[in-house]
Each structure stands twice: as C-alpha cells, then as structure tokens.
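Asks: Return atomic coordinates for the entry below.
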Amino acid sequence: MKSDNKFIILFGSIKKKIYKLLNEEVKKYDLSIMEATYLMIINSNKNGISFKDLTKEADCDKGMTTKVIASLKNRDLVYFNENLYYVTDEGKAMSLKLNNILVRYKNRLINMVGSKDDLENFYYNLEQFNNMLEEEI
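Replies: Residues are numbered from 1 along each chain as shown. Now for the predicted structure:
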C-alpha cells in the first residue's frame, strides 16, 4: 500500500490499540470499553441524557446504544426516568473508578509524548480532523 494511503490503517490501528489497552483495565470491573464509555457519558450529564443524544455523543448506532444501555440497566448502573438516562449511586461510584483509569492512561500518554501541552495540541488537531470528517458525512 502506498504510504499516503496508510492513514486509514493508522487510524484504525490506533483505535484498536487504545480499546485493547483500556479494555484490559475496565474488564476487572466486569465491563467492556463500550459500557464504560456510555456510563461515563451518562454520568457527565448530571441532568440526564436522551437516547438520541447519548447515541450521538457515543458516536455509535441505535442498536449499539440499545444493547449497551440494557446491559448497564441490568447491572443497576443506570436508570431511565422521563425519557432521560441517569446513573445510579453504584453507577456514580463505578464512573469514578473508570475516570481514575482514564486519568492514569492520560498521564502515561503525557509521559510518552513529552508534555501535557503536546498531548492537548494533538487532541485539538484530532478533534478538528474529526469535525471536518463529520461535515463530509
């Protein structure tokens, strides 16, 4: 493959490796990375979040949202009230544990890239690239 076409493989590889590394961390809580992601999103929306907004923020399809929400509800980590999802007290405690994992991982990344500013600039550039792609869809 030509080197100028490797960006597709590179982005896929990065996502796969991040998910694999984080999955190893969250599986000790009997969660998948997708369940952890949804739980963190719901927890960050203190006034609740709708199914539609949750699906959009997670950048997944409706089927994935339905599947993950059912699993989180079965574990008593989230509940549904008046068309919005909220975390339970147990869900809040789990979100705190998950947040600690993400903070540790982010600190590892900072150590690898040099500085917090370097990592923040990298995030910013990735977000800009993602937004440009979103406009293409």
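Asks: Show me how far the longest helix seen in the chain is from its chain's centre.
Replies: Taking DSSP state H as the criterion, the chain has its longest helix at helix 89-113. The chain centre lies 11 Å from the centre of helix 89-113; the measure is C-alpha atoms, centre = their mean, to the nearest Å.
Asks: same thing with stretch 5-25?
Replies: Taking C-alpha atoms, centre = their mean, one finds the center of stretch 5-25 at 13 Å from the center of the full chain.
Asks: Just the residues contacting stretch 98-115, thanks.
Replies: Stretch 98-115 is contacted from outside by 21-22, 25-26, 29, 31, 36, 39-40, 116, 118-119, 122, using C-beta atoms under 8 Å, 6 or more residues apart in numbering. Bear in mind the C-beta positions are built from the backbone N, C-alpha and C, glycine included.
Asks: Tell me the buried residues in it?
Replies: By neighbour count with 16 or more other C-beta atoms under 10 Å, stretch 98-115 contains the buried residues 98, 101.
Asks: ditto for stretch 77-95
Replies: By neighbour count on 16+ other C-beta under 10 Å, the buried set for stretch 77-95 is 77, 78, 84, 85, 86, 87, 91, 94, 95.
Asks: Regarding the fifth one, which helix or strand does it belong to?
Replies: In the assignment (DSSP states H and E), residue 86 maps to strand 84-87.
Asks: now that strand: mean pLDDT?
Replies: Confidence over strand 84-87 (mean pLDDT, whole number) is 97.
Asks: tell me which strands and helices it is in contact with?
Replies: Strand 84-87 makes packing contacts with helix 33-44, strand 78-81 when contacts are defined by 3 or more C-beta pairs under 8 Å, 6 or more residues apart in numbering; DSSP states H and E.
Asks: again, 10 Å this time
Replies: When contacts are defined as 3 or more C-beta pairs under 10 Å, 6 or more residues apart in numbering; DSSP states H and E, strand 84-87 packs onto helix 33-44, helix 51-58, helix 62-74, strand 78-81, helix 89-113.
Asks: What lies in contact with that strand?
Replies: 38-51, 53-54, 65, 69, 72-73, 77-80, 91-95 (C-beta atoms under 10 Å, 6 or more residues apart in numbering).
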